[in-house]
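**Q** attaching a predicted model along with its sequence, questions to come.
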Amino acid sequence: KIETRLLVSSAVFIMLFTIGTTESRDDGELNLTGSEGEILRQLTDPRHYNKLSRPSPNEITTVYVHIHVYSLGSIDAQNLRYTAQILLRYRWKDSRLQQGNILQYEGGLAARIWFPHIYIVNEQESKVMGVSGKDIINSIQPDGTVVHLSRMKVTLQCVMNLQKFPFDSQKCPLIMESWNYNASQLVLMWEDDSPVTVDSHLQLPEYSLEGVIINSSTAKYWWQKTSNMNQHLNGFYGKAAGNFSTLSVHFALQRQYGFYIMDYYVPSILIVVVSWVTFWLDANSTPGRTVLGTSTLLTFITLSRNIGSSLPKVSYIKSS
């Protein structure tokens, strides 16, 4: 009898645990307990709220963007990329979510409400940061304004011009664009008050940040249908064609050339000076003149290879 009771109790416990886990997954990793959870359930009831529909289908939805830069690092000239740790903030108004309180949630609120799909055009890799969980915060204001915050680490492409290396300056971009809504449906705009901020303690090992340049524009995409193309693909790409709202920020970087002065230019000058010794050698001292000239040439080649190993193989001539 005792064993039977233990088995029954275990089965009931497992059943309750499974039900609780399923509910938490259905809530998109949100903890919807208490009054805030009940308010959100009522606001996002599928009977009167369609999360697949924009807040105002007959009007243009405006999403305001703010970026805070924690750090810029790993500026890789050889692979033409750099990494950044940033805080992204999106803000838009959804009048369907109007209520009398300020609601704040951690986790996947996008599973329950309409959410703009914004992507980074020059992204190579990205992830949401966090130790015990993903660093995502969402809040809903009384007037229906939704604010989304996420802390991210991104690896971005940066096309560099190295003709003046190591006295060059670069502009590395971060470009954001609407994914599935064109400019007649959704517009991205920078926040009026400090759209891009940079951490006051930001330091770079090889560059100095000279400034931040922001811009807003429209990207145009179009595909020409031909009889040779698959009709199914034509239909798909035809839906993606159009004008899409775009925001960009360029980080103006100036290379610090002190390292190259001490490790390349000063040794090169000393090697040239040493090579002048051949003018004082006896004209008949052929082995000594040959060894000194060959050693100078090989040293120059070694220095150039050491510097060039960290740079991409470009078709133009660099100053170094």
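**A** Nice, I can see it.
**Q** quick one, what contacts residue 249?
**A** 67, 173, 174, 196, 212, 213, 214, 215 (C-beta atoms under 8 Å, 6 or more residues apart in numbering). No exception for glycine: its C-beta is placed from N, CA and C like everyone else's.
**Q** what helix or strand is it located in?
**A** strand 242-255 (DSSP states H and E).
**Q** do the same with residue 64
**A** strand 61-76.
**Q** what pairs with the next helix or strand after that strand, and is each one parallel or antiparallel?
**A** Downstream of strand 61-76, the next assigned helix or strand under DSSP H and E is strand 81-93. Strand 81-93 has its sheet partners listed here by DSSP bridges as strand 61-76 (antiparallel), strand 145-157 (antiparallel).
**Q** just the buried residues out of the contacts of residue 249, in ChimeraX syntax.
**A** Entered in ChimeraX, the line below selects the buried ones among the contacts of residue 249, by 16 or more other C-beta atoms under 10 Å:
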select :67,173,174,196,212
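**Q** from what I can see residue 251 touches residue 207, true?
**A** No. Contact criterion C-beta atoms under 8 Å: residue 251 and residue 207 do not qualify, at 9.1 Å.
**Q** who's more crowded, these two?
**A** A count of neighbours by other C-beta atoms under 10 Å puts residue 251 above the other of residue 251 and residue 207, at 25 against 21.
**Q** what's the closest non-adjacent residue to the more buried one?
**A** In this structure, residue 251 finds its nearest non-sequential neighbour in residue 172, 4.9 Å apart by C-beta to C-beta, 6 or more residues apart in numbering.
**Q** quick one, what contacts the one you found?
**A** Counted by C-beta under 8 Å, 6+ apart, residue 172 has contacts 72, 75, 82, 156, 158, 250, 251, 253.
**Q** likewise for residue 199?
**A** Taking C-beta under 8 Å, 6+ apart, we find residue 199 in contact with 68, 69, 70, 71.
**Q** ok, and the closest non-adjacent residue to the second one?
**A** Looking back up the chat, that one is residue 69. Residue 69 sits nearest to residue 198 (C-beta to C-beta, 6+ apart), 4.7 Å away.
**Q** residues near the one you found, how many?
**A** 16.
**Q** mind checking how far it is from residue 123?
**A** Using C-beta to C-beta, to the nearest Å, we find residue 198 at a distance of 20 Å from residue 123.
**Q** any chance you could map the strands in the protein?
**A** Secondary structure of the chain by DSSP state E: the strands cover 61-76, 81-93, 103-106, 118-120, 123-128, 136-140, 145-157, 169-178, 186-190, 196-198, 207-221, 242-255.
**Q** now do the end-to-end distance for stretch 260-279.
**A** 29 Å (C-alpha to C-alpha, to the nearest Å).
**Q** quick one: contacts of that stretch?
**A** With C-beta under 8 Å, 6+ apart, stretch 260-279 has contacts from 166, 289, 292, 293, 296, 299, 300, 303, 307, 320.
**Q** surely the first one touches residue 207?
**A** No. Counting by C-beta under 8 Å, residue 166 sits too far from residue 207 to count as a contact (10.9 Å).
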